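# Give me a 3D structure for the following:
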Amino acid sequence: MCNVKKNEKLPDFKQLDDRVIAEASPEPTLVIKTNLDSEGVTDHNPYAQDKTSNEFNDFFKER
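The predicted structure is shown next:
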């Protein structure tokens, strides 16, 4: 039998029931921007905090 060291700081993923851990879809996705979308990425965005990082803004930036 193999002795595997377990990281004690990590939670047991079987006990995490407040989130979904899923792989990214291998299929292409379609994102549509409309004239109803707000200009800023933090406007009406429930995931945005008062202070957002550059990484957060870059994620929502048009490409």
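# contacts, neighbours, all on C-alpha from now
Noted.
# Can you say which helix or strand has Phe56 in it?
helix 54-60 (DSSP states H and E).
# same question for that helix, mean pLDDT?
Averaged over helix 54-60, pLDDT sits at 75.
# repeat for stretch 31-44
73.
# Kindly check the end-to-end length of that stretch for me.
Start-to-end span of stretch 31-44 (C-alpha to C-alpha, to the nearest Å) is 18 Å.
# repeat for stretch 48-56
Termini of stretch 48-56 sit 8 Å apart (C-alpha to C-alpha).
# With stretch 26-34 instead?
25 Å.
# Now do it: everything it contacts.
The contact list for stretch 26-34 (C-alpha atoms under 8 Å, 6 or more residues apart in numbering) is empty.
# just use 22 as the starting number from now, easier for me
Happy to do that; since the first residue is 22 now, the last one works out to stretch 47-55.
# picking up where we left off before, now the helix holding Phe77: buried residues?
Residues of helix 75-81 include none that count as buried (16 or more other C-alpha atoms under 10 Å).
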